[in-house]
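Asker: predicted coordinates and the sequence they were generated for:
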Amino acid sequence: MTEPRVRVFDAPRADAIGATPEAFLAWLGGPAMLRVPGRDRRRARGLATLLHGNEPSGLRALHAWLRQGAVPAVDLVCFVGAVEAARRPPGFAHRMLPGRPDLNRCFAPPFDDGERRIAGEALRLFREAGCDALVDLHNNTGHNPPYGVVAGVDAACINLVGLFGERLIASDLRLGTLTEATHGDFPSVTIECGRAGDPAADACARAGLARYAALDAIETRRVGVPHMTILERPIRVSARPGVRLAFGAGPADGADLTLTGDLDRHNFELLMPGVPVGWVADPDRWPLVAAGADGREVSQDWFALRDGLLETRRAAVPVMMTVDPAVAKSDCLFYLVRPREELLAPETTTR
C-alpha cells in the first residue's frame, strides 16, 4: 500500500509549533492535517489553508490562533496544503512548485500520484472526521474585498461566508477545487480574504477564523447576515495559448495583448458596454478565450475590438482581476459574474 502523503498531528501544543508562521511551516514539514480538540469532542469542523503557497493569510491566521491556545467549540480539523511551495525561497512567493500541478485543481479523481494523492488523502481525512462544515481560506493577487465562493448556495453557506464578508459568488464551474469536492458532504465555502500581503487580508482571516471556531453550531436558517450580495454563473476569461501578455498604460512593445495596469480597480464593479480594458496588437489575432460551465467559447460575446482597443461588449461584474503576469498566465485573467436576480429565501431546516 502506498503511504499517505499527509502528516497528521493530533492536539498540537501551542509551544511546539514555532514562534513564527515560517517556523510553523518548517515544523509541519509538508502537507499536514491538524486536529485541535474542542469543548465538544463528539463533533468536528473543517478548515483548509495554504492550498496555494503564495496565499499566506489563512496560514498566518491559523498559526496565531494556535499560539493563543484557543479551544474551539468542536474539534477543528485543519489541512495545510502547499507547505513546500510556500517554503521555497523567497517564501510565500510560489503558487505551486515549478512543474507541479495546482493542488486546488486536484480534488477530483483519480487520486493517483503527487498532488492528486495529497488531495485524495485530505478529502478522506475530512470525511472520516465527520465535519459539519468546511472553510477554505485563500488570497488573491488583485484589489478585492473579502468574498466567498460556493458550489451550491444555501443558508448555511451564506452564514459561513458572512463570518468573513458580504459578497458571495455562486459558481457552477468545475475546476477540481476542495470546496467543489465537498459541497455535497457538508456546507463548504472558499473565502478570498483579500490581496496577499495586505494586512487587512490577514486581519480578515484572523477575525473570521476566530468566529468560525467559536460557533456552537452551523446555522442553517437565513439569520445573522443582514445583507449578502450574491453573484453567479462565472465566465472564466484567459489569454489564448501563445499570446504574449503585458500590463501597462498603453500598448507594450512585443505584446499581443496589453491590459491596463490598474485593471484590478474594476473588481466587483458593474462594467457597462464600451469600457476599455486593454490593447490588441493585431486585430486579426483574437487574444482571449472565455467559457462558463457549459464549456462554450464566448469571449467575443463579452468583448469587442475597436481601433485596436479591447473593450466590454456587455454589462458584467469582473472579479479576481489580476495585474500579475505570472498569475494571469498560470491561472486566468479574471472571471465575469452576474448579480443574482432573486436572493435565497429564509430557510427553517436544521442540519
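Answerer: Alright, I've got the coordinates.
Asker: C-alpha from now on. contacts and neighbour counts both.
Answerer: OK.
Asker: the stretch 51-200 of the chain: strands as residue ranges?
Answerer: In order along the chain, the stretch 51-200 of the chain carries the following strands (DSSP state E, counting those that start in this stretch): 74-80, 131-140, 147-150, 167-170, 188-195.
Asker: what sits up against the fourth one?
Answerer: Strand 167-170 is touched from outside by 146-153, 158, 161, 228-234, 337, with contacts defined as CA atoms under 8 Å, 6 or more residues apart in numbering.
Asker: buried members of the residues you listed into ChimeraX, please.
Answerer: A single ChimeraX command is used to select the members of these judged buried by 16 or more other CA atoms under 10 Å:
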select :146,147,148,149,150,151,152,153,158,161,228,230,231,232,233,234,337
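Asker: now, the contacts of strand 167-170 that are in helices?
Answerer: Ile158, Val161 (DSSP state H).
Asker: what residue of the protein is the furthest out?
Answerer: Ranking residues of the chain by C-alpha distance from their mean position (CA atoms, centre = their mean) puts Asp307 at the top, at 36.2 Å.
Asker: number of residues surrounding Arg124?
Answerer: Burial measure for Arg124: 11 neighbouring residues, criterion other CA atoms under 10 Å.
Asker: now do the helices in the protein.
Answerer: Applying DSSP H to the chain gives helices spanning 21-28, 57-67, 83-87, 114-129, 155-161, 178-182, 199-214, 299-302, 325-330.
Asker: domain parsing for the protein?
Answerer: Residue ranges for the domains of the chain, per automatic domain parsing: 7-227, 235-339.
Asker: ok, and which of these has the densest surroundings?
Answerer: Neighbour counts averaged per stretch over these are highest for domain 7-227, at a mean of 20; criterion: mean count of other CA atoms under 10 Å.
Asker: for that one, what is the distance to the chain centroid?
Answerer: Relative to the centre of its chain, domain 7-227 is centred 9 Å away, using CA atoms, centre = their mean, to the nearest Å.
Asker: can you measure across it, start residue to end residue?
Answerer: The first and last residues of domain 7-227 sit 40 Å apart, counting by CA to CA, to the nearest Å.
Asker: contacts only, for Arg87.
Answerer: Glu22, Leu25, Ala26, Gly53.
Asker: got a list of what the last one touches?
Answerer: Looking back up the chat, that one is Gly53. Counting by CA under 8 Å, 6+ apart, the residues that Gly53 touches are Ala82, Val83, Glu84, Ala85, Ala86, Arg87, Phe92, Ala93, His94, Arg95, Met96.
Asker: if you set the cut-off to 6 Å instead, what comes out?
Answerer: Neighbouring residues of Gly53 by CA atoms under 6 Å, 6 or more residues apart in numbering: Ala82, Ala85, Ala86, Phe92, His94, Arg95, Met96.
Asker: could you export the contacts of Arg87 as CSV, including distance to Arg314 and pLDDT?
Answerer: Converted to CSV, the contacts of Arg87 look like this (distance: CA to CA, whole Å; pLDDT from 0 to 100):
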residue, distance to Arg314, pLDDT
Glu22, 45, 98
Leu25, 45, 98
Ala26, 48, 98
Gly53, 35, 97
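Asker: pLDDT weak spots in the stretch 101-250 of the chain?
Answerer: Across the stretch 101-250 of the chain, the ranges flagged by pLDDT under 70 are 222-226.
Asker: can I get the contacts of Gly53 in CSV with pLDDT and distance to Thr260?
Answerer: Converted to CSV, those look like this (pLDDT from 0 to 100; distance: CA to CA, whole Å):
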residue, pLDDT, distance to Thr260
Ala82, 97, 31
Ala85, 97, 30
Ala86, 98, 29
Phe92, 97, 26
His94, 94, 24
Arg95, 94, 23
Met96, 94, 27
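Asker: that older thread, among the strands of the stretch 51-200 of the chain, which is nearest Pro110?
Answerer: For Pro110, the closest of the strands of the stretch 51-200 of the chain is strand 74-80, at 20.0 Å, according to CA to CA.
Asker: and that closest one, average pLDDT?
Answerer: Predicted confidence along strand 74-80 averages 98 (mean pLDDT).
Asker: just put the contacts of Arg87 in JSON lines and tack on distance to Pro273.
Answerer: As requested, those are exported to JSON lines (distance: CA to CA, whole Å):
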{"residue": "Glu22", "distance to Pro273": "46"}
{"residue": "Leu25", "distance to Pro273": "46"}
{"residue": "Ala26", "distance to Pro273": "50"}
{"residue": "Gly53", "distance to Pro273": "36"}
